[in-house]
Structure formats: structure tokens, C-alpha cells
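S.K.: how does the following fold in three dimensions:
(one chain, ligands or ions: 1)
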Amino acid sequence: MKHDINSSHDIFRLVTEFYLKAKSDAAIGEYFTQDRIDWDVHIPKMCTFWENILFFSGNYSGNPMEQHQLLHQTYPFDPKDFDRWLKIFVETVNQLFQGQNADLIKQRAKGITKIMTAKLFE
Ligand code: HEM
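M.R.: Reported below is the predicted structural model:
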């Protein structure tokens, strides 16, 4: 039986499962299979990012918008990549969890993706 996203452990499961799918994806996998990504740093960072959103933990201090603007200069994104990213994220949440926080994280991911694509491409 699926339960809601209730803990840091659940977020860790979501983030690691998401990247397993994203890395092997035909459309966006290549972004995530570059050697320069230090996964020992990136995974905990993504966990604190989502923990902050769901549990207001206050332990994320980064600037994802700026980070993706920089990435866009070196490895240009395509707007379709963000649709794909969101689809994989939503699929991963639905596969593992159900409940209010599961709904909320999908809603937030959708909102952030929309803002990112607007700022990067419009
Ligand atoms: C096609 C879509 C996307 C790609 C290819 C992508 C790729 C990346 C990459 C390569 C990094 C840097 C990793 C590193 O070098 O350590 C990064 C950082 C990050 N991404 Fe994305 N990303 C995408 C969309 C998103 C979306 C939609 C969100 C949020 C909903 C997001 C959240 C973040 C965060 C929080 C960071 C860390 C920023 C920091 O340094 O504090 N990304 N992303």
C-alpha cells in the first residue's frame, strides 16, 4: 500500500528513484550522465530543497533559477526537456506515494517548472 511523503527518508527515496529514471531517459538522460555532476553533493542538496518545500525545514540555501540559467549557457535546454522532467517527476511520485504531500510536491514541481521555462525561454 502506498503512503504519503512523511519524512526525509521518503524524500530521499523519491529523489533517488527520480534520478534513476531521469538518467536512463532517452530525452533528458544525457544531462544527468555527465561526469561533472557530483552525486554525493547533488542528491543531498535536492533532498534539502524538497524538504524545505514540504516540511519548511529551512536547510536549503541555493538559487535553482540562477543555477539553471548558468547551465543553460553551457548546455542549452529545450523547453520540451522541462515537460519531460516534470512527467518523470510526477510518474515517480505516483509510483511511490499517495496523499496530501504527494499532491503538494507535484503541484510545486509543476509551478517551479512553469516559472523556470518562462524565465529561460520567454
Ligand atoms: C530538464 C530539466 C532539468 C535539468 C536537465 C536539470 C539539471 C540540473 C543540473 C545538471 C543541476 C546541477 C547539478 C550539479 O552540477 O551539481 C541542477 C541543479 C538543481 N536543479 Fe535542476 N534540472 C532540471 C529541472 C529542474 C526543475 C524543474 C527543478 C525544480 C522543480 C530543479 C531543481 C534543481 C535544484 C534545486 C538544483 C540545485 C541548485 C543549487 O545548486 O542549489 N531542476 N539541475
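S.K.: contact partners of the host helix or strand of residue 89?
M.R.: Take DSSP states H and E as the rule and residue 89 turns out to sit in helix 79-96. Residues from elsewhere that reach helix 79-96, judged by C-beta atoms under 8 Å, 6 or more residues apart in numbering: 2, 5, 10, 13-14, 17-18, 21-22, 25, 27-28, 31, 102, 105-106, 109-110, 113, 116-117, 120-121. Where C-beta positions appear, they are placed from N, C-alpha and C, glycine not excepted.
S.K.: what's around residue 77, how many residues?
M.R.: Residues lying near residue 77 (other C-beta atoms under 10 Å) number 18.
S.K.: in three-state terms, how would it be classified?
M.R.: The three-state label given to residue 77 by DSSP: H, G, I helix; E, B strand; the rest coil is coil.
S.K.: ignoring the adjacent residues along the chain, who's closest to it?
M.R.: Excluding the flanking residues, the one nearest residue 77 by C-beta to C-beta, 6 or more residues apart in numbering is residue 120, at 6.3 Å.
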